[in-house]
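> okay, here's the prediction I keep looking at, along with the sequence it came from:
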Amino acid sequence: MPWLNRPQLARRKLLACLALLAALPASVAQVSPAEPIRPPSLVWGALPDGDLYLLVASPRLSKPEVVQLADGTIGPGVGDDRFVTQVWSNVPAPIQLWVTIDPARLRDAGLTLDQALKALDQKLGVSAQPLQGIGIAASWFYPKASRTALSERSDTSLKLPDGRVADPAMWTEVAYRQYPEPWNDWQQVALSLTIHAESDRSSLHDVVIGRLNQLAQKLPADVSILMIPGGPRLKEVDGIFVTLGAEHR
């Protein structure tokens with residue numbers, strides 16, 4: 001075998017490498033650096049229940065734009081490595097029981113909104129908590145309240161100074177929804193937040209609303225985000241939501 005100098009030896013090694021690459025399958029030899037990276041995805045089974053959900057919606061943005069905003073800005077903005085350790089995007093929104101107070105019927109009953117909420121407090125046996133989020137209409141949440149307590153007859157109705165009884169059935173409508181009624185024609189996406197197993201859940205709402213407030217300036221003005229708790233019953237939130245309906249007259 002003739003003696004090879006270094007340039008000839010390098011050339012033969014290069015030719016051997018090219019021949020090896022040519023023999024590899026196309027899927028290996030032709031990897032494109034521009035090919036998008038796919039994140040891990042669930043291929044079978046149910047998604048894990050979230051400790052908190054963020055419902056994101058916009059009347060102007062397209063569905064892909066809302067999803068991109070949720071995936072690229074909101075999710076990374078509320079997640080971290082120690083507390084909110086998982087943020088799932090585009091998940092099914094939990095079922096919510098909404099009570100809508102009709103403004104016209106409330107006026108006909110001679111009641112104010114404060115009196116209506118007090119009547120619901122007594123009917124449900126729990127005090128209302130204002131819902132938190134960004135760009136949402138005034139709404140309230142009654143934790144652990146059930147539809148049974150709302151519909152059953154009882155003597156706990158609020159009695160007004162003039163002797164009248166404030167009966168919520170006279171000025172409310174009840175419906176199961178996955179998003180607030182005004183969002184019906186909006187593009188929507190839901191995010192599921194899961195915290196570390198050993199973390200203190202009592203601070204979750206405060207931490208997330210703080211992070212959302214920091215993100216608010218990065219979001220379009222017409223984007224709304226509603227925070228709702230997770231629930232144990234068939235993806236149904238454990239409580240009742242209340243809002244003031246649109247004015248029809």
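Right, received. Where do you want to start?

> so how far is Asp121 from Ala149?
Distance from Ala149 to Asp121, counting by C-beta to C-beta, to the nearest Å: 12 Å. Heads up, the C-betas are built off the backbone N, CA and C, glycines and all.

> Ser89 now?
Taking C-beta to C-beta as the criterion, Ser89 is separated from Asp121 by 36 Å.

> flag the shaky bits of this structure, pLDDT-wise.
Counting by pLDDT under 70, the chain shows low-confidence ranges at 1-41, 153-158, 161, 232-234, 248-249.

> can you pull out the strands in it?
Counting by DSSP state E, the segments of the chain that form strands are 52-58, 84-89, 95-101, 129-130, 133-134, 139-143, 158-159, 165-166, 172-177, 187-195, 224-229, 236-244.

> what's the angle between the second one and strand 52-58?
Read that as strand 84-89. Angle, strand 84-89 to strand 52-58, by axes from the mean of the first three to the mean of the last three C-alpha atoms, to 10 degrees: 40 degrees.

> list the strands paired with strand 84-89, with their directions.
Each strand that strand 84-89 pairs with, and the sense of that pairing, follows from DSSP bridges: strand 187-195 (antiparallel).

> and the angle from the partner strand to strand 224-229?
40 degrees.

> any idea how far strand 187-195 is from the chain center?
Its chain's average C-alpha position is 3 Å from that of strand 187-195, according to C-alpha atoms, centre = their mean, to the nearest Å.

> repeat for stretch 53-70
Between the centre of stretch 53-70 and the centre of its host chain there is 10 Å, according to C-alpha atoms, centre = their mean.

> in it, what counts as buried?
When burial is assessed from 16 or more other C-beta atoms under 10 Å, stretch 53-70 yields the following buried residues: 53-58, 61, 66-67, 69-70.

> then stretch 186-205?
By neighbour count, and taking 16+ other C-beta under 10 Å as the criterion, the buried residues in stretch 186-205 are 186-195, 199, 204.

> what does stretch 107-114 give?
In terms of neighbour count (16+ other C-beta under 10 Å), stretch 107-114 has its buried residues at 109, 111.

> residues making contact with that stretch?
Where contact means C-beta atoms under 8 Å, 6 or more residues apart in numbering, the residues beyond stretch 107-114 that reach it are 101, 106, 119, 160, 164, 166, 170-171, 244.
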